[in-house]
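Chemist: sequence? don't have it. structure:
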DNA sequence: CCCTGATTCGC
DNA sequence: GCGAATCAGG
C-alpha cells in the first residue's frame, strides 16, 4: 500500500480526531501503526495539541535544544528539529468553547443492550454490581478489541464509562457481561406450565 | 500483558 | 519517503 492522497487525508482526519495510530492503521488497512506514526511525523502533525498558537506572534525562544540526553541505545540525539514553518497548515479549530450539550454517544461502537432486560439471577446481579465497582472506567477512546465495552452509568452525565475488563475472546464483553448480554431467554422457566 | 506515541535507521 | 524495530511510557 502507498500513501495516496485519499489515505493521507483519512490519516489526517482521524489523527486530528484523536484516533490512535493503531485505529487509523486498521481503518486504512495494509499498514501498521508504525507506518501511521511514521507518516504522521513526516507530515509534521505529530502533536495534536496546540503548540503554536498566536499566529502573528514571535517565534519560539529557541534555546534549550541540543541536549545530550542519556541515550543508552542511541548514538546521537539531534533532538526534535522544531519546525516553525509548520503552522497555518493544521489549524482545525481555535477551541470551540461552545458546549451546548453533553457529549453524545458516538456511533460506530458496538454498544450493548442495557442490562435492564431479562431477569437476572440475584447472584449474577451481585456479580455485576461488584464488577461495576471494579470497572476500569475506560472512556470510549480507550476501548480496544480486547476491552469489555459494557457501558456503566448514564451517557448523559459524567458518570459514564465502560467496564474495560478483558474481553472474552471473540466477544465484545468480559466474561460476566457476556453472560448477561447473551442470555438466551428468560432465566425463568417457560411461560407455559410445562414445569409442573 | 495490554496499550500508546516517538525515534532511529536501513531500505 | 517508508516503516520495522526499538524505545519509553501508561
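Modeler: Looks like it arrived, so ask away. On a predicted model such as this, the values are computed, not experimentally measured, just so you know.
Chemist: gap between the nearest residue to residue A:160 once chain neighbours are set aside and residue A:146?
Modeler: The shortest distance from residue A:160 to any non-neighbouring residue, by C-beta to C-beta, 6 or more residues apart in numbering, is to residue A:153 (4.0 Å). Heads up, the C-betas are built off the backbone N, CA and C, glycines and all. Here the criterion is C-beta to C-beta, to the nearest Å. By it, residue A:153 lies 21 Å from residue A:146.
Chemist: next one: residue A:39
Modeler: For residue A:39 relative to residue A:146 (C-beta to C-beta), the value is 25 Å.
Chemist: what do you get for residue A:44?
Modeler: 32 Å.
Chemist: so how many other residues sit close to the nearest residue to residue A:154 once chain neighbours are set aside?
Modeler: Spatial nearest neighbour of residue A:154, excluding adjacent residues (C-beta to C-beta, 6+ apart): residue A:160 at 5.8 Å. Counted with other C-beta atoms under 10 Å, residues neighbouring residue A:160 total 17.
Chemist: so what does residue A:160 look like in phi/psi?
Modeler: phi -140, psi 130 (degrees, to the nearest 10).
Chemist: from residue A:150, how far off is it?
Modeler: 12 Å.
Chemist: how is chain A partitioned into domains?
Modeler: A:5-43, A:120-195 (the TED database).
Chemist: lowest average pLDDT across those domains?
Modeler: Ranked by mean pLDDT, the domains of chain A bottom out at domain A:120-195, with a mean of 68.
Chemist: correct me if wrong: residue A:43 contacts residue A:12.
Modeler: Yes: here residue A:43 lies in contact with residue A:12, judged by C-beta atoms under 8 Å, at a distance of 7.1 Å.
Chemist: please spell out which residues along stretch A:29-44 are buried.
Modeler: Counting neighbours by 16 or more other C-beta atoms under 10 Å, one finds that the buried residues in stretch A:29-44 are A:31, A:35, A:36, A:37, A:39, A:40, A:43.
Chemist: give me the subset of those residues lying in helices.
Modeler: Among the buried residues of stretch A:29-44, the ones falling in helices (DSSP state H) are A:35, A:36, A:37, A:39, A:40, A:43.
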